[in-house]
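Peer 1: Sharing a model prediction with you, sequence too.
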Amino acid sequence: MAREWDVVVVGAGVAGLAAAKAAAEAGASTCVVDRMGPGGLLMNFSDLHDVPGNPGGMDYASALLDEAMAAGAELAIAEVTALEPGFAIATDDEAHTARAVVLAVGLGNGRLGLPGEDGFEGQGLSHCATCDGPLYAGASVVVAGHDRWAVQEAAELAATAAQVTLVTQGGTPNTAALAGLANVAVRPGHVTALAGANGLETVEVDGTALPARAIFVQWGRVAPLGFVAAPTTPGLFLAGDCRDAAEQGVLAAVASGAAAGAAAAKFALGKAAG
Ligand SMILES: Cc1cc2nc3c(=O)[nH]c(=O)nc-3n(C[C@H](O)[C@H](O)[C@H](O)COP(=O)(O)OP(=O)(O)OC[C@H]3O[C@@H](n4cnc5c(N)ncnc54)[C@H](O)[C@@H]3O)c2cc1C
């Protein structure tokens, strides 16, 4: 028997939590579903840039969760595997139905699209400097990407790594945050191969091999929306990083989540009344 809701929010990162709070506050019965538990990307960050008050990532996510629960939303830990028009929502746990849905699934981990890449996951290939940077203290490492978060990862790694090379993947990073960091080099080009017999040993950039014990991939992240049968359906809203060409950042995600949650509640309650 499927559980019935006015609004189901898929993803409990900051966008999803803000959406759940707004929908519940508007009077909609609301469930927010996440495969990992609440917090999304923020669970990786000890410091948040560009957020007034400089909260820690976990503290900020925890405050948003408390607010959503206090407003009356429920949290379910499950992976959403299918979203059918209408809306029937299948998960790896229980099934749900909703009058409106907010998709706040963020962006998946970045991929370089190179042969053998998956074999280096956890063996030198990472997506989180805060989590894995200390494992490579004193080593040479590469960051692949060019957005502000890639630059931030390079700056964070510079505190512990011997050498950090930011490979720009064809973009033009704003490197102001790297000024004065003598052990960071910016290298235009693309990562073209990864190699190593015992974990990662070299990263090839346009055919030239660089010694590197780790690569932090902050490029090629795409929204994991493959489970959605029809992405443009009345009553279906997008929030946070997974929106097309969304500005990525906590404040933008929270603002879009709050707006999507309120719109979803309005749609759902209007449908219930009609
Ligand atoms: C390295 C890095 C550093 C950053 N630093 C900052 C910073 O300092 N300041 C700042 O403002 N921004 C920063 N950002 C950006 C910020 O983290 C994001 O913009 C924000 O967290 C996006 O929130 P979100 O809710 O859209 O997505 P996410 O936080 O990615 O949450 C999406 C959630 O959806 C869940 N999900 C996905 N698919 C499913 C499914 N099928 N079923 C169930 N659950 C699912 C995931 O488990 C996840 O919890 C950084 C980003 C990166 C990559």
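Peer 2: Arrived safely, thanks for sending. Residues are numbered from 1 along each chain as shown.
Peer 1: and after the helix or strand bottoming out on mean pLDDT in the chain, which helix or strand comes next?
Peer 2: Here the helix or strand of the chain ranked lowest by mean pLDDT, DSSP states H and E is helix 129-132, holding a mean of 94. On the C-terminal side of helix 129-132, the closest following helix or strand by DSSP states H and E is strand 140-144.
Peer 1: ok, back up a step: which parts of the least confident helix or strand of the chain are buried?
Peer 2: 129, 132 (16 or more other C-beta atoms under 10 Å). Heads up, the C-betas are built off the backbone N, CA and C, glycines and all.
Peer 1: Tabulate the CA atom coordinates of that helix in CSV.
Peer 2: Taking Å, rounded to 0.1, in the frame of the first residue of the first chain, the C-alpha atoms of helix 129-132 are listed here in CSV:
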residue,chain,number,x,y,z
ALA,A,129,39.1,17.5,-0.3
THR,A,130,37.8,17.8,3.3
CYS,A,131,37.1,14.1,3.5
ASP,A,132,40.1,12.6,1.7
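Peer 1: what helices or strands is that helix leaning on?
Peer 2: Judged by 3 or more C-beta pairs under 8 Å, 6 or more residues apart in numbering; DSSP states H and E, helix 129-132 is in contact with helix 148-158, strand 214-217.
Peer 1: I'd like the mean pLDDT over the longest one, please.
Peer 2: In this case it means helix 148-158. What helix 148-158 shows for mean pLDDT is 96.
Peer 1: Tell me what angle the helix or strand following it forms with helix 148-158.
Peer 2: Counting by DSSP H and E, the next helix or strand C-terminal to helix 148-158 is strand 163-167. Interaxial angle, strand 163-167 versus helix 148-158 (axes from the mean of the first three to the mean of the last three C-alpha atoms, to 10 degrees): 170 degrees.
Peer 1: Given the following helix or strand past strand 163-167, what are its sheet partners and their directions?
Peer 2: As assigned by DSSP H and E, the chain's next helix or strand after strand 163-167 is strand 184-187. Partner strands and pairing direction for strand 184-187 (DSSP bridges) are strand 163-167 (parallel).
Peer 1: angle of the partner strand against strand 140-144?
Peer 2: Orientation of strand 163-167 against strand 140-144 (the same axes, to 10 degrees) gives an angle of 20 degrees.
Peer 1: Just confirm yes or no for strand 163-167 near the ligand.
Peer 2: No: for a cut-off given as C-beta under 6 Å from any ligand atom, strand 163-167 has no contacts with the ligand; the smallest distance is 12.9 Å.
Peer 1: Now do T192 against the ligand, distance only.
Peer 2: According to C-beta to the nearest ligand atom, to the nearest Å, T192 stands 23 Å off from the ligand.
Peer 1: Ignore what I typed, I meant A265.
Peer 2: Going from A265 to the ligand by C-beta to the nearest ligand atom gives 18 Å.
Peer 1: what's near enough to touch that residue?
Peer 2: Going by C-beta atoms under 8 Å, 6 or more residues apart in numbering, A265 touches 6-7, 22-24, 26-28, 30, 100.
Peer 1: how about a cut-off of 10 Å?
Peer 2: Taking C-beta atoms under 10 Å, 6 or more residues apart in numbering, we find A265 in contact with 6-7, 19, 22-30, 99-100, 102.
Peer 1: Flag the shaky bits of the stretch 151-274 of the chain, pLDDT-wise.
Peer 2: Nowhere does the stretch 151-274 of the chain drop to pLDDT under 70.
Peer 1: excluding its backbone neighbours, what's nearest A82?
Peer 2: Distances taken as C-beta to C-beta, 6 or more residues apart in numbering place A90 nearest to A82, at 4.1 Å, with adjacent residues excluded.
Peer 1: now T165, which residues is it bridged with?
Peer 2: V142, A185.
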